[in-house]
Every structure is written in structure tokens, then in C-alpha cells.
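S.K.: sequence and predicted structure, then a few things I'm wondering about:
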Amino acid sequence: MMRRLLLSVLLAPVVVLPAACGGDAPSDEDTAASGAQAAQTEGQLSAVELEQGVGPIRDLELGPVDPALASQGETFFATKCSACHKLEERFVAPALGEVLSRRRPEFVMNMILNADEMVQRHPVIRELLAEFYTPMPVQVRDPDEARAILEYLRSEQTGSTTTPSGSGASR
Amino acid sequence: MKRPINRAYTLLAVGLTAVTVGLFACQGGNGSAVGAGDMASAAQAVYVAPGEYDEFYAFMSGGFSGQLTVMGLPSGRLLKQVPVFSQFPENGWGYSEETKAMLETSHGFVPWDDAHHPELSMTDGVPDGRWIFINGNNTPRVARIDLSTFETTEILEIPNSAGNHGSPFITPDSRYLVASTRFSVPIPNRDMSIEEYKGNFKGTLSFVRADTPKEMEIAFQILMPGYDYDLAHAGKGPSDGWMFFTSYNTEEEHTLLEVTASRRDKDFVAAVNYRRAEECIASGAGTETPADYRHNYFNDDHIAVSERVNSVLVIEPSDCSDLVYFLPTPKSPHGVDVDPSGEYIVAGGKLATVIPVHSFSKMLAAIEAEDYEDVVEGIPVIRYESVIAGEVANAGLGPLHTEFDGRGYAYTTAFITSEIVKWEIGTWQVVDRIPVYYSVGHLMIPGGDSREPEGKYLVALNKITKDRYLPTGPELAHSAQLIDISGDRMRLLLDFPTQGEPHYAQGIPAEKVMNNQVQFYSLEENTHPRAAKSPAETRVVREGNEVHVYMIASRSHFTPDNIEGVRIGDEVFFHVTNVEQDWDVPHGFATMGANTAELLIMPGETRTLTWVPQEPGIYPFYCTDFCSALHQEMQGYLRVSPRNANVPLRWGIGGEWQTQQ
């Protein structure tokens, strides 16, 4: 009896495996392919994504700073960002007082709205993760709210706020 | 690992040493899948590939744990334990200041109860995935769990009850759930001789409005003869508007019920026309009666409050004709289950040799013809022969509970013979049977008590485990068994352990629940009066001997993380707000010497731990839920000084200290 049980146990995986591969489960080849895909993910970002970030925001046209919107943004910043970000100094996360001299405004908003994917895919953010270790959570889902936070950051910029040329790749 | 025991020998030993485990059904050997082919096919049937989801949610009562367990089917994987009627150290349920009131009762704070029967809310007689309800049996209560967050949000105590067993079975529109008392008691309860039970002890059948969150209330209680009321199920389709309750101990005995309450050959199913009760009440029947019970719920700030309720509407069958009828039912019936069509009412007569099946249409005809064999305390007893549709013979010993597959078959558990018996509705013939291991109580087919069962899987909820798993001392996890019922023959697929004692369970297609999940917990919706929602709002405030710490948690620090100026004699309240809002990012909080539990703070939420320091010194606190790469750095210090010290109250982070203005 013990012998039969043992035999069954030994046989079971052999029979199960091909069956599992035939169903929804990924086959070995699929797994290998998705591994390769992960490695190539960064390479797959377009030039626009590298520059403006991965997410819903593209090609913003910004006028002069709107103080009312900036003041709204300050409130959101206090609640959702300031536990980790300060303007003048590095804290849990990078200082943001000069962020717009390093990054395009679209990049900043995409980082706010789509942090999970940015952390996974954008080479600049992956580098930052290696430096700061704590991945940025999604704290804002409303694009208007992210826009207000951007306005607050614009109003507080201490460095040059001219649109940086090239990508967000320089820190 | 090989199983180092001889199975046949063990089975024999179990059979000999535990007669109560039962006679083993003779079919199908010892329940191992036979042969590699069968085993592989069973394994394939329950295999959920990594990253894939189960097809069904299963909600198991935790029994004597007082909680609710959530599992996936067909994998049998444990997904969550939801605290309901018992304190729960994992997340501070019943310990944190915001949740303690949930466990308040008219008897004071009750930290542990016995939960029996989960029941999903329904729309049009089909589980809808909004809420699940469960009963507290010992200190009579019913609870609502919100399935968008898997959190207990409301608990209502049931007055004039003792042993809330027949509960919380729900009507097809979720308007009412019921609570029937297992123990009859004096009503109102009073000091009297137990020997004066007969005629003085009463039972109650309570109908609780259940369709509005935060507003559960007892619509009415029906005062019944002093029997034990055991289980219930609502009618549906043609029998919509009726609720059926089993009763035993119609002998009205008060001692050695094992013998004394088994004398009569038949007890009763009580059929209650609850729409008739509404009519009677509308025309003035019923008496608003003094009572004392609690209604606990989360208020708009998501803080549990406990409200006293001082009366309940009690109606007697003699005040309201056509309200209750008794259907004689052999013998000491336990479960009562209504088939998907609503025509057949199946009672599990646990001491009967057959499964009696009543006909709803015959019941109506008998009422019309006043075909009664007796009247008990104003309640007509319909003649058995006039209401019975059929008796299922050879259905195993100790039939308890029945569920349905929606294809014309019923499945009944037989406790004593440890088997599930499949029989055909209409012919009343047994068509299949399968042994289960061991001593099965309830069974569950997803939607199996509804108008539309999902007749693919059946879960047997067994009371005795014995040799099914590696031994773990005198107490073993109760075993559930997954059985494939999609074909003509039942097929055992999987054994899996459960938590506490799952009495009843409910199942529902996963998409009906998972699509309603809240995945972002907005800080704006946190209206907790002690919440700090940004570093700027964090502070430490002395109010006499109370020190309130308004703290935030985010990966990977607390603000503030250094606190001084607390003195012996102070009571410290840590109000910790998790300012992260994305699902699956809770933070924990614990401090050395805390005499209650720890906190687990959900995203966007504020929870409060009370802590009374006993000795001067430095006390660390830290995050108990691994939250990030720097989780081990998520820590802080609190300084406690002697009673009369004049160390100033101050707090800070990153070397910047602040003081009370």
C-alpha cells in the first residue's frame, strides 16, 4: 500500500505538469520570455516616456504660476507628500525645491499619478530607488490634484525653472 | 515525506477508540484518490496557478474562535481571518480604542464569542456580495461584515434570547435576517426555579431589519412555546414571505436533554408568515416591551459606538392569526433547507431514519382546509400526512443539513455515518453517496441555499479530523473536504484545514466580491477627531494625566519618533494615522510593555493604542508590519520620567524638537 501511494505521488507531478502548461498557467517558455521582457523594459521606453515620464500626462502648456492653484497644491503637498519630501533638504526622499530644473513638469505629474509603474519601468526612478530604498506610493489619483501640487512646486522653485532640455535623466 | 503510519491500522484504531466518530461508510475505501490518473486529475481540478485567482470565495464561520475565515475555492487557500465577536491580536480588533465598543453588550465587554452561521446578503434570492452576516451564539448577537473592505461594521445584540443559534438566515431581498433562541428562558429573564420550566420558559423568533448599514434593528420578536429553536431558512419563489425554523425539545425538558428531549417521534418545523406579522403590527398587534441591549456600529468617523436600546416589539401568535404554523417533523430536526424552487422544505431529522421533505403548496392547501391535528398555544399543527411531500429513505444516519445543486438534486450530510448523500428531488431516491472524513456537520455549495446554486463544488465541513493530517497534539484543525459535484458521481478532490470550527459556510463567485473592493483609502475620508494628516499636524498634548500623541506613519518612519516629558501616572494615547492610502500598505505599531495588543493601521486610517508606563526609562516603539526595505528603521523612543519630574514635554523628528505652546 505504501508502495502504491509513493508511486502515485511520484507520478502525480509528471502528469500534472504538462496539464498545467496547457492551461492558463504560463509555460516555461512564457516565463523565460517574460523574464527577458523585464530586462528589456527600460529599453522599451520611448524617448517621450524617458523625458516626460510614464503615465497619462503629456505636453503640458504652462502659463505663469497661478497663486490660488499653488496654494491648493500646498495643502495637498502637506498631507500627501511632506511625510517624505521636503523642499530644501533630502529627507526620506529627494528634496523637491529644484525638481523642475531636473525634470519636466509632465514627469513630475506622472510620477505623482503613476508611481508604481514609474518605479518599475523608468530608469531614472529605478536609480533613485537604489539610492533611497523606499518606493514612492500612489498618494494622489486625481490629475487636478497632481496639477495643483505641480503648481505649488513651480511656485517654490529655487533653481532655474526653464524647461530642461533632453530627458529627465540628469538628477 | 512518506507517511510513516499504516493507514488501515490507523483507521481501525480510530474506529475503535472513537465510536462517536461514527460508522464508516462502506463505499470508496479510505478516501485517497485511487491511482495516479485520478490523483493527477483531482490535483489539476484544484490547482490555481501562481498569480491566478480562485473561482469562488468561501466564508467559513470560525466557530468557537468567534471570527469569520475567508478561503478560496477550489484551492482551499486561507485568504483572511475577519475578526467579528472576539478580540484579535493580529490587528488590535477589540483592543484599539476605535474598536472596543464593538464588543460591548448588555453584559458588559464580551471579548470572545462563538460564531456559527455566515449568511450572504441577497438580491432577488441570489447572493449579491454586498455583506455577509454571522451570529454570535453565546451572548446573542448578529454582525454585519462589509465585503468591500472585509471589516465587521455593525453588531446588534438580541434581547429575550439565549443561545442565538438559528441565525442569521436572511430573506431573498435582505430585508430581514432572523435570530431564533436555542435555549428557552423566562421572558423577561428573572430568578425562578429551573423545575418550573414548562409553560414559563419561552422561545423567541426575532426578525432583524438588515438592509441598511448602521441601522440594524429588531423589527419584531415572536414569542413562542418553550422549545429549543435550532436553525432556519427563508422561503423563496412561491414561499417568499415565509421563514422556516426547526425546533426540538418540544418535550420542554430542562435536564439530560440527550435522553429526555428525544422521547417524541416528531418535533416541529415552525413556518412563519412574516408579511402577516407586518400586517398585524400595522393594525396594532404586538407590545413594545422593556429590554436592554446594544447596537454597536462604526460612526461617520469610523469609530465604533455602542448605543443602548431599551425596548423591543413582541408579538404573540395568539395576537395574530395565521402567523405561525407547526409542521410535525421527525425527529429532533436540526437543519431546515428550502430548495431553489421554493416548493420543498427539507428538514434534517438528526434522530430520524428518513429525511422528511415538506411541500409548501400542500402546506397552503392544508391551511386552507384547516387540516390540523392539534393546536399548541394558539399555533395550529398541520397533519403530517397533509404536508409531507416525500421521505428520503436510506439516507444515512444522523442527517443534518441539505444544500442543492440547481439541477434537481439535493445533498444531505449524515453525521453518524460520515457521508454525503445525493438524492433526487421529486423521486426522493438516493442516487449517490460518498464517505467524508469524519463526522460531517454542515455542507456548503456556493449559492446552495439560494435560488441559483453554483452546482460545481461542495464543501463538507467535518467535525473530526483524526488521521487526516500530520498530528498536532490533542487538537487538530477541523478538516474541510472539497467534492466535485459537476458529474453524476461525487468525486473527492481535496482535504484542507480550517480555523476554529466552521459550522456553516457560504460561497460566492469571486467576481461578485472582488470587483467591489476598495483599493484606495482616501485621507480626505478620514474624519477621526484625533487624526494627524500631515507632519505639520503631529503633536503631543498633555491633558491632565492624559498624554495624547498625534502621530503619523508612512514608509519608513513615525512622526514624531522622539518623545520626552511623559511621567509615571500618565496614560498615553498613541493616535496613529497611516497617511498612505494605497491598499495593502498597513503599518503596525507596538511599544514595550503595552498591556493590550498592538495596532495594525490600515491605509488612510487612525487607530489608538492606550499605554500606561509603569517605570521610568526609555521605551522604544516600532512598526510591526514589514512595510519596506527600511522597515527595521521604522522605530522611535519615548522617555518616561518619575512622577514628579519636570522634564518638559517635547517631541520631534530628525533632530528638530517641538514643545507644547
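M.R.: Okay, I see it.
S.K.: could you give the bridge partners of the most centrally placed residue in chain B?
M.R.: With distances taken as Cα atoms, centre = their mean, residue B:134 lies nearest the centre of chain B, 3.2 Å away. Beta-bridge pairing for residue B:134 (DSSP bridges): residue B:143.
S.K.: contact partners for it?
M.R.: Contacts here follow Cβ atoms under 8 Å, 6 or more residues apart in numbering or on different chains; on that basis residue B:134 touches B:61, B:68, B:84-85, B:115-119, B:142-143, B:145, B:168. All C-beta atoms are positioned from the backbone trio N, CA, C, and that covers glycine.
S.K.: got it, and residue B:276?
M.R.: Neighbouring residues of residue B:276 by Cβ under 8 Å, 6+ apart: B:320, B:322-323.
S.K.: show me which of these neighbour chain A.
M.R.: Taking Cβ under 8 Å from any Cβ of the partner chain, there is no overlap between the contacts of residue B:276 and the neighbourhood of chain A.
S.K.: ok, and the most crowded of the residues you listed?
M.R.: When neighbours are counted by other Cβ atoms under 10 Å in any protein chain shown, residue B:323 leads the contacts of residue B:276 with 23 neighbours.
S.K.: and the chain, what are its domains?
M.R.: The chain I'm using is chain A. As assigned by automatic domain parsing, chain A contains the domains A:2-39, A:46-156.
S.K.: that's the other chain; I wanted chain B
M.R.: B:27-514, B:525-659.
S.K.: count of residues packed around residue B:229?
M.R.: Residues contacting residue B:229 under the criterion other Cβ under 10 Å number 30.
S.K.: most tightly surrounded among the domains of chain B?
M.R.: Highest mean neighbour count among those (mean count of other Cβ atoms under 10 Å in any protein chain shown): domain B:27-514, with a mean of 20.
S.K.: kindly report the residues of chain B close to chain A.
M.R.: Counting by Cβ under 8 Å from any Cβ, chain B sits next to chain A at B:2-3, B:6-8, B:32-33, B:35-37, B:39-40, B:43-44, B:47, B:49-50, B:52, B:520, B:523, B:533-536, B:552, B:554-557, B:559, B:579-582, B:585, B:628-630, B:654.
S.K.: 6 Å instead?
M.R.: Taking Cβ under 6 Å from any Cβ of the partner chain, the part of chain B that reaches chain A is made up of B:36, B:39-40, B:43-44, B:49, B:523, B:533-536, B:554-556, B:579-582, B:628-630.
S.K.: quick one: residue B:549 is in a strand?
M.R.: Yes - assigned with DSSP: H, G, I helix; E, B strand; the rest coil, residue B:549 falls within a strand.
S.K.: enumerate every residue touching it.
M.R.: Shown in contact with residue B:549 (Cβ atoms under 6 Å, 6 or more residues apart in numbering or on different chains): B:540, B:574.
S.K.: measure it to residue B:104 for me?
M.R.: According to Cβ to Cβ, to the nearest Å, residue B:549 and residue B:104 sit 25 Å apart.
S.K.: repeat that for residue A:51.
M.R.: To residue B:104, residue A:51 is 59 Å away according to Cβ to Cβ.
S.K.: try residue B:586
M.R.: Separation of residue B:586 from residue B:104 (Cβ to Cβ): 25 Å.
S.K.: same deal with residue B:128?
M.R.: From residue B:128 across to residue B:104, the span is 30 Å (Cβ to Cβ).
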